[in-house]
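S.K.: Sequence first, predicted coordinates after that:
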Amino acid sequence: MADPVSIAMGQGSSCWGCFQSLVDIHLKLADVLPLLDIKYWQAVADFKLHHLEGYPDKSIVVGLYEGMARTAEDVHLLKIMRDKCQVLIAFGSCSCFGGIPGMANFYDIEECYDVKFRNNKTFSGGEVPSENLPSIEPVVVPNSDIVDFDIYLPGCPPTPKLILTAVTALLEGKPIDLPPHTVCHYCDREKKETPIEEILRPFTGHADPDRCLLEQGYICMGSATWGLCEGQCVNKGTTCRGCFGPPPPITQDHGAATISMLGSYAPIDPEQMKDQVKDAIGMFWRFDYPTSHLGRIRIKREEAKSR
Amino acid sequence: MSKDKTIRIDPVTRLEGHGSLTIKLSADMKQVKDVQFNINSTRFFERFLTGRLMEEAPRIAPRICGICPIPHHLASVKAVEAAWDVTPPPAAVKLRRLLIEAKQLSSHAIHFYALAAPDFVFGPFADPAVRNVAAVLKHLPDVAVQAIKLMEFGQELCRTVGAKAVHPVTAIPGGMLSPLKEEERDDWLNKVPEMLENINKTVDLAKTVVNLYLDVITKVAVTPTYYIGLSNEGALDIYDGTVRVQDPDGEIVADFEPHEYTKYYGEHIPKHSYATHIYYKPAGYPEGVWRANTLARCNVNERMATPLADAALKEMRELVGRPSHHTFAFHYARVVEMVQAAEWIKTLLEDPDIVSTDVKLSDVEPKAGEGVGIVEAPRGILLHNYESDEKGILTKANLVVATNNNIAGIEKSLMTAAKQIFEQEAHKDLKLPDPLVKT
């Protein structure tokens, strides 16, 4: 058997769901794990940060980084991972685009502190903790602004199948070949090119299980979202919220593309549409606000403050 | 200038979140001055849930935890339904219960086998390169396969019911978006016997480990605290019930409805952790520090809800009593709860209602109101509290998540352990078995 391939798995601020999805390759773990030499994986192995910091630069073949950079410690870990790993993968939508916690950028950091530490239903008068803790970044900057990645593997989380495809390709030294289709390509529902008269909320009525959800009026981002999920939500009665981000090139603005798509399906007056959607920013940029055009303006505003 | 010594453990490993440990000692290292469990990140869900549509909260909140997204999905949808006065159809509740029991099974399996077992299989002093689940796979392949099969059963059943195993999407105010198909139910029923066999093997392994490490379990980090957990009239329940609080002497001091929680929940903002400390408000802080999670649930309840699990609980109590303050007994209680999850899954799959198509209301209407949703996550009781305006936009959120309930309790038991090690050197007299596997 060939020598195991060295690997490091870093976790920024995140939920661990991408790693759970990796574990969800189930019995394939028995094939894959013996091929890996785990150099760092905080949730699984007992190596500490000083171990990772002590490895020679570029001595680890593959690195996976889950999560976004919410704290100074996350930024540090991300840079260390870049230094030590030959191939660094942005693992999951937080790492690729900022993800759901990137929605914190809708608000000023002081407003975030208010509900978390200063005043809520179970406490009042608290202060932001600071002892033996890394500082919190005032705004979520995309990981790709901090380091360069070699591979982006989006998804919230990436599916076990996608992870297995990627890991197998890496172990065999082959390029990762991913299909470019949107979610609609994998959706079993029928499209009849009927215009939408009214936007419906997902709890309204009973959706026809055989017809395109969007054409029935339910907001579904499938046609603007990369289909690496293979349509898991839309084929179980549920609308797409765009958790895999835009299809390649993934630098395009996902929310803007969704709104443009919605405009072509729904001949509704823009003001009316806005009233019916109610929360456009939290709907269309849920997973990728920090990398979007609007999100960039937000980050620039923060940078201007510190000048 | 202080000559105190500081030990930093960074990061705390085999933990699926962010933590480090700071232990402050006197110069001669014979006195423990302070122990801090530093949770070093936070993402501000309470802030950015605000402003979203209420029905989207169950699709956003699961990202709080990738190992327990299903309890977040369900606590969230229950909070929305409470705010809007919506009662989902009974068959939808059964599907949700199937979903949360499946998650309980897989989470407890990953915790027991991947996070905890390496210490006991290889011994606490094994090399870090060995003391992990990859080495379990290498040295004990049969044990690893039974572990993986249990995790697979739980996770894939979650995928069937929730559309995604991690970050499910099917629960909606008023029910579930996707009924369970008959052929799916049949397929899962066929897999139940093997799952139950693997549960039995897990119970046997747990008993072996408990007997080998009895000295550690009964002596290290034994720390009296309050306990909190859901209760269905005295039986352990993870989807519904009243909230019970037990004091360190074992008396049930509160038993309340979820919406009354602010009378009983206190939240302390520590200086050294972004995760806050939760405590029993009437007792004050830090006296009222409580623990949640497996052992807490077993402590606050008289019995398990299913027969085999109840027999396992009785066996556990013969060793550790009720209440048990044995920090290491959380692992034992985890296995007792796995049995209950397995029994529930079988019962629910055998229930004809589980394939009912009457799982969603069609006339849900948003309204102004406030709602509290509580379920048990694998690591403890989980609370979502939302306020809605008349259009159904979320205007205020307060979350008290599972691990939050345990941070202060963990710190307290770490202090106990640190004193035992540095002040009493009690670890030197512990009877430690030879590792099950020598490497």
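M.R.: Yep, that arrived. Residues are numbered from 1 along each chain as shown, chains lettered A, B, ... in the order given.
S.K.: B:Ala309: neighbour count?
M.R.: Here the number of neighbours of B:Ala309 (other C-beta atoms under 10 Å in any protein chain shown) works out to 26. (Each C-beta comes from the backbone N, C-alpha and C, glycine too.)
S.K.: Test of understanding: give the bridge partners of the residue nearest to B:Glu257 when sequence neighbours are not counted.
M.R.: By the measure of C-beta to C-beta, 6 or more residues apart in numbering or on different chains, the closest residue to B:Glu257 outside its immediate chain neighbours is B:Thr242, 6.0 Å from it. Taking DSSP bridges as the rule, B:Thr242 bridges to B:Ser231.
S.K.: hang on, isn't B:Thr242 packed against B:Glu260?
M.R.: No: with contact defined as C-beta atoms under 8 Å, B:Thr242 does not reach B:Glu260; the gap is 9.4 Å.
S.K.: between these two, who's got more neighbours?
M.R.: A side-by-side neighbour count of B:Thr242 and B:Glu260, using other C-beta under 10 Å, places B:Thr242 first with 16 against 13.
S.K.: Report the separation between that one and B:Ile278.
M.R.: Shown here: B:Thr242 relative to B:Ile278, a distance of 18 Å by C-beta to C-beta, to the nearest Å.
S.K.: show me what contacts the residue of the stretch 51-200 of chain A found nearest chain B?
M.R.: Ranking the residues of the stretch 51-200 of chain A by distance to chain B (C-beta to the nearest C-beta) places A:Gly126 first, at 3.1 Å. Going by C-beta atoms under 8 Å, 6 or more residues apart in numbering or on different chains, A:Gly126 touches A:Phe117, A:Arg118, A:Asn119, B:Ile269, B:Thr276.
S.K.: just so I have it, where are all the strands in the stretch 1-150 of chain B?
M.R.: Taking DSSP state E, counting those that start in this stretch as the test, the strands found in the stretch 1-150 of chain B are B:5-9, B:20-25, B:32-38.
S.K.: is the second one up against chain A anywhere?
M.R.: Yes: using C-beta under 8 Å from any C-beta of the partner chain, a contact is recorded between strand B:20-25 and chain A, made by B:Ser20, B:Thr22.
S.K.: What pairs with that strand, parallel or antiparallel?
M.R.: The partner list of strand B:20-25 in its sheet, established with DSSP bridges, is strand B:5-9 (antiparallel), strand B:32-38 (antiparallel).
S.K.: Please identify the deepest-packed of those.
M.R.: Per-residue neighbour counts averaged over each of the strands paired with strand B:20-25 give the maximum for strand B:32-38, namely a mean of 20 (mean count of other C-beta atoms under 10 Å in any protein chain shown).
S.K.: can you give me the helices for the stretch 301-439 of chain B?
M.R.: For the stretch 301-439 of chain B, helices defined by DSSP state H, counting those that start in this stretch occupy the ranges B:307-320, B:329-350, B:404-418.
S.K.: now for the first one, which elements pack on it?
M.R.: If you count contacts as 3 or more C-beta pairs under 8 Å, 6 or more residues apart in numbering or on different chains; DSSP states H and E, helix B:307-320 packs onto helix B:214-219, helix B:329-350.
S.K.: Quickly, which of those helices bottoms out on average pLDDT?
M.R.: Across these, helix B:214-219 has the smallest mean pLDDT, namely a mean of 94.
S.K.: The closest residue in space to B:Leu99 that isn't next to it in sequence: neighbouring residues, count only.
M.R.: Of all residues not flanking B:Leu99 in the chain, B:Val161 sits nearest, at 4.5 Å (C-beta to C-beta, 6+ apart). The burial count assigned to B:Val161 is 27, neighbours taken as other C-beta under 10 Å.
S.K.: Is B:Val161 in contact with B:Thr170, as I believe?
M.R.: Yes: proximity of B:Val161 to B:Thr170 meets the contact threshold set by C-beta under 8 Å, at 6.8 Å.
S.K.: In terms of pLDDT, where does whichever residue of the stretch 1-150 of chain B sits closest to chain A sit?
M.R.: Using C-beta to the nearest C-beta, the single residue of the stretch 1-150 of chain B nearest to chain A is B:Gly66, 2.5 Å away. Per-residue pLDDT puts B:Gly66 at 95.
S.K.: dump the residue contacts of it.
M.R.: Applying C-beta under 8 Å, 6+ apart, we find B:Gly66 in contact with A:Ser14, A:Cys15, A:Trp16, A:Gly17, A:Cys18, A:Phe19, A:Gln20, A:Ser21, A:Pro157, B:Glu16, B:Val166, B:His167.
S.K.: thinking again about what came up before, ok, of the contacts of A:Gly126, which come out buried?
M.R.: A:Phe117, B:Ile269, B:Thr276 (16 or more other C-beta atoms under 10 Å in any protein chain shown).
S.K.: Any figure for the gap between the second one and chain A?
M.R.: Okay, so that is B:Ile269. 3 Å (C-beta to the nearest C-beta, to the nearest Å).
S.K.: How many residues are close by B:Ala129?
M.R.: Here the neighbour count serves as a burial measure; for B:Ala129 (other C-beta under 10 Å) it reads 16.
S.K.: What sits closest to it if chain neighbours are left out?
M.R.: With C-beta to C-beta, 6+ apart as the criterion, B:Ala129 has its nearest non-adjacent residue at 7.5 Å, and that residue is A:Ala45.
S.K.: Residue 153: what's it in contact with?
M.R.: Using chain A here. Listed by C-beta under 8 Å, 6+ apart, the contact set of A:Leu153 reads A:Ile89, A:Ala90, A:Phe91, A:Gly92, A:Cys96, A:Leu162, A:Ile163, A:Ala166.
S.K.: that's the wrong chain, I meant chain B
M.R.: B:Ala102, B:Leu105, B:Ser106, B:Lys191, B:Met195, B:Asn198.
S.K.: OK, contacts around A:Glu166?
M.R.: To be clear, residue A:166 is Ala; Glu isn't right here. A:Ile89, A:Ile151, A:Leu153, A:Pro158, A:Ile176.
S.K.: can you list the strands of the stretch 1-150 of chain B in CSV and add mean pLDDT?
M.R.: As requested, the strands of the stretch 1-150 of chain B are exported to CSV (pLDDT from 0 to 100):
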stretch, mean pLDDT
strand B:5-9, 94
strand B:20-25, 95
strand B:32-38, 96
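S.K.: how about the nearest residue to B:Ala309, chain neighbours excluded?
M.R.: In space, B:Ala309 is closest to B:Gln340, 3.6 Å off (C-beta to C-beta, 6+ apart).
S.K.: try B:Ile269
M.R.: The spatial neighbour of B:Ile269 that comes closest, neighbours along the chain excluded (C-beta to C-beta, 6+ apart), is A:Gly126 at 3.1 Å.
S.K.: That neighbour in helix, strand or coil?
M.R.: Using DSSP: H, G, I helix; E, B strand; the rest coil, the secondary structure recorded for A:Gly126 is coil.
S.K.: Tell me which two of the contacts of B:Gly66 sit farthest apart.
M.R.: B:Glu16 and B:His167 (14.7 Å; C-beta to C-beta).
S.K.: Who has more neighbours out of the two?
M.R.: Set side by side, B:Glu16 and B:His167 show more neighbours around B:His167, with 28 against 25, by other C-beta under 10 Å.
S.K.: All set now, cheers.
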